[in-house]
Every structure is written in C-alpha cells, then in structure tokens.
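Visitor: predicted model and sequence below, questions to follow.
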Amino acid sequence: MASTETTDPTADAPVKDRGDVGGLEAGLDALETSVASRTPFRQTFVNKILPPIVAVGVVLVVWQALISLKIVDDPTKLPSPADVGNEFRDAWLEGTLLGYIWTSISRGLLGFLFALAIGTPLGLLVARVKFVRAAIGPILSGLQSLPSVAWVPPAVIWLGLNNSMMYAVILLGAVPSIANGLVSGIDQVPPLFLRAGRTMGATGLKGAWHIVMPAALPGYLAGLKQGWAFSWRSLMAAEIIASSPDLGIGLGALLENGRNASSMSMVFEAIFLILFVGIAIDLLIFSPLERWVLRSRGLLVKG
C-alpha cells in the first residue's frame with residue numbers, strides 16, 4: 001500500500017502552472033517559427049512599398065488639382081507636374097542629370113568619411129578624458145547648433161572657390177554631430193559593462209574597441225545619421241552660395257541656376273533630386289545599420 005502512495009512530482013504541480021509552462025513553450029516555438037520563415041512579398045509590398053507610393057500619388061493629385069482648378073494659375077510660382085517631368089526628361093536626354101547627382105553625392109560622401117575619421121576619435125577622447133570634456137565639450141555643442149551656412153563665407157575667404165572649401169564646410173558641420181553622438185552613447189553605457197571589461201583585462205584602447213564602442217553603438221549611429229544630415233545640408237549651402245564653373249554643377253548649383261533663370265521647373269527638379277538623394281542614403285545605408293544594431297540586441301525579429 002505504501003508504494004501506491006508514491007506519485008510523480010510533476011503530478012503535484014497545479015494544472016494552471018503546467019498550462020502556463022505549455023503556453024510559454026508554444027510561444028517560444030511560434031517565435032522560432034516566425035524567425036525562420038520569410039515574409040511574403042505581398043505582405044512586404046502592402047506594408048512597406050505601397051504606403052509611400054500612395055503618398056506620392058496623393059501629392060501629385062493635389063498638386064495637379066491646384067493647377068487644373070486654377071487655384072494657382074501662375075506657372076512662375078507653381079509649375080505643373082508635367083513641366084517638372086519635362087525638365088527631368090530634358091536633363092536626362094542631355095546627359096546631365098546623373099552628373100548633377102554624382103557631383104554632389106561624391107562630395108557629400110567623401111566629406112562625411114573625413115568627418116567620420118575625425119569625429120569618432122574626438123568623441124571618444126571627449127567622453128573618456130574629463131579635462132578634454134570640460135575644455136571642448138561645450139564648444140562642440142555650440143558648433144553643433146551653429147548653422148552650417150555661416151561657415152561658407154569664411155571658408156571661401158580662407159580656401160577660395162574649390163573643393164577644399166566644400167570639404168571644410170562639410171567637416172565643420174558634421175564633426176560636432178558625430179562626436180556628440182558618440183559622447184551621448186558612451187554616457188549611456190552601464191558602468192557594469194566597464195567594470196566587467198576591466199576585470200577581463202579590456203582596458204585602454206582594447207576596452208574602447210571591445211566594450212565601449214559596441215555598447216555605445218545606438219547613440220553613435222544616431223550621431224552618424226545626424227552628421228550625414230549636417231553634411232548634406234552644409235554641402236547644399238556651399239554649392240548655392242559659392243557656385244563657380246570650376247566646381248561643376250551639383251544639386252545646390254542647379255537650384256541656384258533655376259532661381260537665377262526664374263525657372264520654377266528647374267527649382268523643383270533640384271529640390272526633388274536633393275530629397276531623393278537624402279532618402280536613398282537613409283534607405284541604403286542607415287536603415288540597414290539600424291536594423292542590424294536592433295537585431296544584434298534582440299530588439300528586432302528577423303522576418
């Protein structure tokens with residue numbers, strides 16, 4: 001009779017608890033399944049591709065309605081979508097459209113790489129050395145709030161109308177944002193990470209590379225995005241103000257040429273190209289980096 005009193009320990013657990021455990025296992029299985037499966041193209045199209053297409057379509061319809069209904073009947077103020085489209089077509093047939101884009105984007109990306117090479121060690125130095133932070137930290141914050149267009153006149157006087165002037169304006173606009181982004185990211189690193197790194201011998205440059213930089217990556221990436229935005233805006237300001245035949249025709253110069261010629265079609269062409277490059281850089285470079293950072297921290301399920 002004593003042997004019949006022996007029961008399985010799992011049988012003593014409440015039915016509700018066993019149900020909770022089973023639900024948890026089912027949830028984990030479902031999560032693994034969602035990670036392994038690929039998102040259907042139809043879902044991707046509906047969720048990510050269709051909304052911007054609809055938004056562009058609505059803008060074009062409203063734009064054309066303003067022309068057709070004579071709400072704005074002055075083409076020198078608001079050209080029709082067809083007129084702007086003809087401007088794009090003429091630039092394409094003349095072989096100048098890609099030249100406008102490449103002139104600006106090559107300068108912008110190269111200047112941003114220079115700013116990245118300068119701003120990253122500078123931000124790391126400011127974040128880790130108290131004396132340096134007290135000395136130039138406020139200056140970096142002040143430079144970040146200074147409009148980039150303010151640097152164009154002194155850069156022209158110092159360096160002349162050449163590409164060096166363009167790169168100087170980009171650096172002065174982007175370096176403070178990159179450095180401050182890294183400083184902000186390092187300030188948010190939990191002290192436990194730093195102590196654990198020192199315990200394992202990760203000090204000095206080794207600790208900065210293996211502990212500080214990976215932990216500060218989200219803030220650093222935000223600084224990079226802002227740095228690129230400042231680079232692009234600085235470049236456009238420099239191209240608009242300091243236009244010269246020796247510098248070629250970039251998007252900023254195209255915008256200024258449209259203003260000088262009183263051609264709103266050309267002005268809209270330049271604006272749309274500037275907007276297109278900004279969106280393309282974000283989608284091709286920064287959005288994948290953000291997804292990778294979130295996924296590496298378990299904050300985004302790959303689907």
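Guide: All right, it came through fine. Computed from a predicted structure; not experimentally measured. Numbers count the residues shown, from 1 in each chain.
Visitor: report the contact partners of A238.
Guide: Residues in contact with A238 (CB atoms under 8 Å, 6 or more residues apart in numbering) are V152, A155, M165, M166, V169, I170, G252. Placement of C-beta: from N, CA and C, glycine included.
Visitor: hmm, try it at 10 Å
Guide: A238 sits next to 107, 111, 148-149, 151-152, 155-156, 161, 165-170, 173, 247, 250, 252-253 when contact means CB atoms under 10 Å, 6 or more residues apart in numbering.
Visitor: could you list which of the residues you listed belong to helices?
Guide: Judged by DSSP state H, the subset of those located in helices is 107, 111, 152, 155-156, 165-170, 173, 252-253.
Visitor: turn these into a markdown table, columns for distance to L122 and neighbour count.
Guide: Listed next are the ones in helices among the contacts of A238 as a markdown table, based on distance: CB to CB, whole Å; neighbours: other CB atoms under 10 Å:
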| residue | distance to L122 | neighbour count |
| --- | --- | --- |
| R107 | 22 | 23 |
| G111 | 16 | 25 |
| V152 | 23 | 22 |
| A155 | 20 | 24 |
| V156 | 25 | 18 |
| M165 | 22 | 22 |
| M166 | 21 | 26 |
| Y167 | 17 | 22 |
| A168 | 16 | 22 |
| V169 | 18 | 29 |
| I170 | 15 | 30 |
| G173 | 14 | 29 |
| G252 | 27 | 26 |
| A253 | 31 | 23 |
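Visitor: closest one to V72 out of the residues you listed, please.
Guide: Sorting these by how near they are to V72, with CB to CB, puts G252 at the top with 26.0 Å.
Visitor: so what's the closest one up against?
Guide: Per CB under 10 Å, 6+ apart, neighbours of G252: 100, 103-104, 107, 166, 233, 235-243, 270, 274.
Visitor: try it again with 6 Å
Guide: When contacts are counted by CB atoms under 6 Å, 6 or more residues apart in numbering, G252 touches M236, E239, I240.
Visitor: so which residues of the stretch 51-200 of the chain form helices?
Guide: Using DSSP state H, counting those that start in this stretch, the helices of the stretch 51-200 of the chain run over 81-93, 97-128, 130-145, 152-159, 163-187, 191-199.
Visitor: among these, show me which one is buried the most.
Guide: Most buried of the helices of the stretch 51-200 of the chain by mean neighbour count (mean count of other CB atoms under 10 Å) is helix 163-187; its value is a mean of 24.
Visitor: show me what that one is packed against.
Guide: The helices and strands touching helix 163-187, judged by 3 or more CB pairs under 6 Å, 6 or more residues apart in numbering; DSSP states H and E, are helix 97-128, helix 130-145, helix 152-159, helix 217-241.
Visitor: okay, the angle between it and helix 191-199?
Guide: 100 degrees (axes from the mean of the first three to the mean of the last three CA atoms, to 10 degrees).
Visitor: and helix 163-187, how far from the chain's centre?
Guide: 14 Å (CA atoms, centre = their mean, to the nearest Å).
Visitor: now swap in stretch 209-229 and tell me
Guide: Relative to the chain's own centre, stretch 209-229 is displaced by 12 Å; criterion: CA atoms, centre = their mean.
Visitor: stretch 116-131 now?
Guide: 21 Å.
Visitor: pull the CA atoms of that stretch into CSV?
Guide: Only the C-alpha atoms of stretch 116-131 are listed here, as CSV (Å, rounded to 0.1, in the frame of the first residue of the first chain):
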residue,chain,number,x,y,z
LEU,A,116,33.8,60.3,-39.5
ALA,A,117,37.5,59.8,-39.3
ILE,A,118,37.9,63.0,-37.3
GLY,A,119,34.7,63.0,-35.2
THR,A,120,35.0,59.4,-33.9
PRO,A,121,38.3,59.6,-32.1
LEU,A,122,37.4,63.2,-31.0
GLY,A,123,34.1,62.0,-29.4
LEU,A,124,35.9,59.1,-27.8
LEU,A,125,38.5,61.4,-26.3
VAL,A,126,35.9,63.9,-25.1
ALA,A,127,33.9,61.1,-23.5
ARG,A,128,36.8,59.4,-21.7
VAL,A,129,39.1,62.3,-20.7
LYS,A,130,37.5,64.7,-18.1
PHE,A,131,39.8,67.5,-18.8
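Visitor: hmm, back to that, so which of the helices and strands packed on helix 163-187 is nearest T199?
Guide: Proximity to T199, assessed across the helices and strands packed on helix 163-187 by CB to CB, is greatest for helix 97-128 (18.3 Å).
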